[in-house]
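A.B. asks: Prediction below, plus the sequence it came from.
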Protein chains: 4
Amino acid sequence: MHTHYILELRVRYQETDGQARVHHANYLTYFEQARVEMLRAAGFSYKELEAAGIMLVLAEAKLRYFLPAEFDDLLCICVTTVSAKGARIVHDYRVTRGEDLLCEGRTVVACVNRQGRVQRLPNWLHSDGAPAQGEPTTE
Amino acid sequence: MHTHYILELRVRYQETDGQARVHHANYLTYFEQARVEMLRAAGFSYKELEAAGIMLVLAEAKLRYFLPAEFDDLLCICVTTVSAKGARIVHDYRVTRGEDLLCEGRTVVACVNRQGRVQRLPNWLHSDGAPAQGEPTTE
Amino acid sequence: MHTHYILELRVRYQETDGQARVHHANYLTYFEQARVEMLRAAGFSYKELEAAGIMLVLAEAKLRYFLPAEFDDLLCICVTTVSAKGARIVHDYRVTRGEDLLCEGRTVVACVNRQGRVQRLPNWLHSDGAPAQGEPTTE
Amino acid sequence: MHTHYILELRVRYQETDGQARVHHANYLTYFEQARVEMLRAAGFSYKELEAAGIMLVLAEAKLRYFLPAEFDDLLCICVTTVSAKGARIVHDYRVTRGEDLLCEGRTVVACVNRQGRVQRLPNWLHSDGAPAQGEPTTE
């Protein structure tokens, strides 16, 4: 797995609120999009993952907002995989506009099956591609 | 079926945009919520409908915007069933704030099954509860 | 003004609903993004327009939905300027995924000032890039 | 200030995602709505606050998700003011459906002026209405 990925995106008008800044809830959507694109850059499709019964659901999120983003701003959403073991992946995020740091975040996603029961991550999603619990790495 | 229903709702901050007015896309969400509540007022649950394999999907929408709504406004979403036959239901909407008419709309929803194939509306959803094509009304 | 523009975008997870398809309200957001990018392609910034006191607000919208879009789909939002005169611009839209036509739409935006009062479009926004040098206004 | 408030709300279809559960970003919107209603229950209007140049912006958020919410669920958003001093208000949240705890959160909002500069909270917003730093309470 790539452990860094930078998604560039442009703020939509719909994402702003009455203070003419990006509504704070949208950062979670930006983070999600960055995770999906990081996965794609590593050669995987989150859509196919779900089709295979591997669902990733958000378990925790933490955000700190420093500066507002505005309509039409070009943002970089930089996502880093901090760890991926057992049934959980931890990601860190930094949202920047040029030199400015606008927002920082951390999320924990849990791997569940279609019934919502927690399941172990597939090996290839584990940090560093390291085999888990002595199993051979097959990816 | 009731043929009129008025949903009262309060504009959320998140629903406003950089012009400090409700972003126009949210009216479709308001309309949808009004359809769901109209159904509930008639004794039915859209959730149970879906569980029974009766999905209603939007086929057409038409909106005219007259005046902006703002954060914290108390809006009335008045929905009327214009017709419900075959596989389609037509609804009209008026969004008002006190005396002011803010928006008018019309939607057409189509009844489909889980595979997305168009299917006839259940009888009890037909206009006036009138039996369709000579069948007995069972609901 | 360019009279055609194609915006390519990828469906976000957040934009889907419980039927695992793009929620119908999001198409209005896609349309808006396409208008903004069409303007940019023509050398203008909607953000600067607003800063100059030229606001474009939605007056009418019409949508027809043919096929559902799903998470991760790559969509083309093709926007065409149908007319731009007086205080109104009419746009047509076609949303496609490969060969499939998913949705068609038309919007009318009205030009207003900061107080929400209708004002004439700036000349350079008029259809056909009609000359804007103190020439007689025909609208 | 009231220090507890319970907002009851019904999940909209638009708020669900392709996993047929409420998309995680919406909880921040639910929290915001609960803060606004708590303020109203205490006799204040956030809208008037903004009109008076007192803006509250999100500085931090933390969420833990335990169980999914679905379309049409009736949720209780219980918000508690943990502290309100200087320029910051800390709130805790619990989102429940019947007996089930779905989500817990904490937010920190900062008080800024129209230019986005941090300013002291008005006295009446301070915890317990207690005057801050020995000043007389003027509200």
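C.D. replies: Yep, it's here. Residues are numbered from 1 along each chain as shown, chains lettered A, B, ... in the order given.

A.B. asks: tell me which strands and helices the helix or strand of chain A with the lowest mean pLDDT is in contact with?
C.D. replies: Ranked by mean pLDDT, DSSP states H and E, the weakest helix or strand in chain A is helix A:46-51, scoring a mean of 95. On a contact count with 3 or more CB pairs under 8 Å, 6 or more residues apart in numbering or on different chains; DSSP states H and E, helix A:46-51 meets helix A:26-41, strand A:55-65. Where C-beta positions appear, they are placed from N, C-alpha and C, glycine not excepted.

A.B. asks: May I have the strands that pair with the shortest one, each with its orientation?
C.D. replies: Read that as strand A:55-65. Sheet pairing of strand A:55-65 (DSSP bridges) gives strand A:100-112 (antiparallel), strand D:55-65 (antiparallel).

A.B. asks: Go through stretch A:30-43 and flag the buried ones.
C.D. replies: Neighbour counts over stretch A:30-43 (16 or more other CB atoms under 10 Å in any protein chain shown) mark A:Y30, A:F31, A:E32, A:Q33, A:A34, A:R35, A:V36, A:E37, A:M38, A:L39, A:R40 as buried.

A.B. asks: Does chain C have contacts with it?
C.D. replies: Yes: applying CB under 8 Å from any CB of the partner chain, one finds stretch A:30-43 touching chain C at A:E32, A:Q33, A:V36.

A.B. asks: Can you tell me which of those is closest to A:K47?
C.D. replies: Using CB to CB, A:V36 comes nearest to A:K47 of the residues of stretch A:30-43 next to chain C, at 8.6 Å.

A.B. asks: returning to that earlier point: and the strands paired with strand A:55-65 as a markdown table, adding distance to C:E70, mean neighbour count and mean pLDDT?
C.D. replies: Listed next are these as a markdown table, based on distance: least, CB to CB, whole Å; neighbours: other CB atoms under 10 Å in any protein chain shown; pLDDT from 0 to 100:
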| stretch | distance to C:E70 | mean neighbour count | mean pLDDT |
| --- | --- | --- | --- |
| strand A:100-112 | 20 | 19 | 98 |
| strand D:55-65 | 24 | 20 | 97 |
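
A.B. asks: Format the residues of stretch A:30-43 next to chain C as JSON lines; extra columns: pLDDT.
C.D. replies: Output for the residues of stretch A:30-43 next to chain C, formatted as JSON lines (pLDDT from 0 to 100):
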{"residue": "A:E32", "pLDDT": "98"}
{"residue": "A:Q33", "pLDDT": "98"}
{"residue": "A:V36", "pLDDT": "97"}
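
A.B. asks: nearest to chain B, of the residues you listed?
C.D. replies: Nearest to chain B among those: A:E32, at 16.8 Å, using CB to the nearest CB.

A.B. asks: how close does A:I89 get to A:L49?
C.D. replies: Plainly put, A:I89 is 12 Å away from A:L49 if you go by CB to CB, to the nearest Å.

A.B. asks: how about the least confident helix or strand of chain A as PDB, C-alpha atoms only?
C.D. replies: Presented in PDB, the C-alpha positions along helix A:46-51 are these (Å, rounded to 0.1, in the frame of the first residue of the first chain):
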ATOM      1  CA  TYR A  46     -13.000   0.400  -3.000                       C
ATOM      2  CA  LYS A  47     -16.100  -0.400  -5.000                       C
ATOM      3  CA  GLU A  48     -14.700  -3.900  -5.800                       C
ATOM      4  CA  LEU A  49     -13.800  -4.300  -2.100                       C
ATOM      5  CA  GLU A  50     -17.400  -3.700  -1.200                       C
ATOM      6  CA  ALA A  51     -18.600  -6.100  -3.900                       C
END
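
A.B. asks: Up against chain B, what does chain A have?
C.D. replies: Proximity of chain A to chain B, by CB under 8 Å from any CB, involves residues A:Y13, A:Q14, A:T16, A:D17, A:G18, A:A20, A:R21, A:H23, A:A25, A:E70, A:F71.

A.B. asks: Contacts only, for the residue minimising distance to the centre of chain A.
C.D. replies: Per CA atoms, centre = their mean, the C-alpha nearest to the average position across chain A is that of A:R35, at 3.1 Å. By CB atoms under 8 Å, 6 or more residues apart in numbering or on different chains, the contact list for A:R35 reads A:Y46, A:L56, A:V79, A:H91, A:T107, A:V109.
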